[in-house]
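>>> Pasted the sequence and its predicted model underneath.
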Amino acid sequence: MKKIKRIGVLTSGGDAPGMNAAVRAVVRTAIANGIECIGIRRGWQGLIQSDFVPLTRESVGHLLSRGGTILYTARSEDFMTEKGRLKAVATCKMLGLDGIVAIGGDGTFRGALELSRLGIPVVGVPATIDNDVGCTNYTIGFDTACNTAIECIDKLRDTMQSHERCSVVEVMGRNAGFLALYVGIAVGATAVLVPEKELDFERDVVERMQESRLAGNTHFMIVVAEGAGSAVEISHRLEEAVGIKPRVTVLGHIQRGGAPNARDRETATRMGYYAATALAEGRYNCIIGTKEGGIVELPIEEALTMKKNLQMERYRIMETMQFGSVLTK
Ligand code: F6P
């Protein structure tokens, strides 16, 4: 087995709280194994443009609590092309990189697969607030993003309650409803709209509000996953259907910022450790994932075909918490 001497680490795609903690863990684990670590800035684009920074044990100090990513991130169009990828391979050769740890989501891992096909060993670490990576139960950043959304919605609830209003809040999640459903359960939403469940506006929104009103509520909280529709549109439909004027809040990128919480720091540290250890021990072209609390390594190609379904049981729980209506129907 070839002795690994130097590896690169990069963050790519949308940033997520805990990415820095993962970078720190990769660097410190590599160094503990006698491996040098180079930070590639701006994701795959940085690899194409030879945009790098040497990382040391010290330079990744005080990173556990920092949101964002010190390595910057980007979504690279150039990396989608053969020409771009060949330039990236040339950078790996020029820097003497024996492997890359790529921290990001599905898009990042599709890039990793392409690079691995060109002979560069890659290990992926899942980090996205969407939690939509099929091969892992959990992605770094999800819990912090949920907490940020919850904190904002709790504040909204105060004013909705005072004015006896309806709030329609749009949360991120891209094409998945994990963030919306977890947040919806945690804030006791009147209704949660997710892309995984076809919307029946009358049943899923209007009736739920009516039931809520009958149960004595005078304010309402509708949580909409961005993949299920826009909060503005849902609000217009509600106004037409029931004649009230909901207030719209799109939480947006605020959900991606902030200090990572305990779960994200701990998970990022473990995943970063296992990623660097895999490379040090000669295992690569895999993605690190969590399963039943433990860590697993899955071949990238297989990992990218895996699907993770939203647990509809959770949807039922959310509905049941509100009015028990699903039990009586
Ligand atoms: O994938 C993370 C995410 O925040 C999604 O939830 C959202 O749809 C998207 O990124 C937004 O991307 P951008 O930062 O390019 O606006």
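Yes, it's here.

>>> Smallest gap between the stretch 151-300 of the chain and the ligand, at which residue?
With C-beta to the nearest ligand atom as the measure, Met172 is the residue of the stretch 151-300 of the chain nearest to the ligand, at 3.3 Å. Backbone N, C-alpha and C define where each C-beta goes, glycine included.

>>> how is the chain carved up into domains?
Structurally, the chain divides into domains by automatic domain parsing as follows: 6-141+260-303, 143-255.

>>> just to revisit the earlier point, tell me the backbone dihedrals of the residue of the stretch 151-300 of the chain closest to the ligand, please.
Dihedral angles of Met172 (phi, psi; degrees, to the nearest 10) stand at phi -80, psi -170.

>>> What of Thr56?
Given degrees, to the nearest 10, the pair of backbone angles that Thr56 has is phi -120, psi 170.

>>> What number of neighbouring residues does it come out with?
Residues lying near Thr56 (other C-beta atoms under 10 Å) number 12.

>>> For it, give me the pLDDT.
Thr56 carries a pLDDT value of 98.

>>> try Lys2
pLDDT at Lys2 comes out at 76.

>>> wouldn't it be in contact with Asp98 here?
Yes. Proximity of Lys2 to Asp98 meets the contact threshold set by C-beta atoms under 8 Å, at 7.1 Å.

>>> between the two, who's got more neighbours?
Ranked by neighbour count (other C-beta under 10 Å), Lys2 and Asp98 place Asp98 first, with 21 against 7.

>>> quick one: that one is in a strand?
No. Asp98 is assigned coil when assessed by DSSP: H, G, I helix; E, B strand; the rest coil, not a strand.

>>> residue ranges of the helices in the stretch 101-250 of the chain, please?
106-117, 142-163, 178-187, 201, 207-214, 231-242 (DSSP state H, counting those that start in this stretch).

>>> could I get those as JSON lines with mean pLDDT and mean neighbour count?
Formatted as JSON lines, those follow (pLDDT from 0 to 100; neighbours: other C-beta atoms under 10 Å):
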{"stretch": "helix 106-117", "mean pLDDT": "97", "mean neighbour count": "22"}
{"stretch": "helix 142-163", "mean pLDDT": "98", "mean neighbour count": "18"}
{"stretch": "helix 178-187", "mean pLDDT": "98", "mean neighbour count": "25"}
{"stretch": "helix 201", "mean pLDDT": "97", "mean neighbour count": "15"}
{"stretch": "helix 207-214", "mean pLDDT": "94", "mean neighbour count": "16"}
{"stretch": "helix 231-242", "mean pLDDT": "97", "mean neighbour count": "16"}
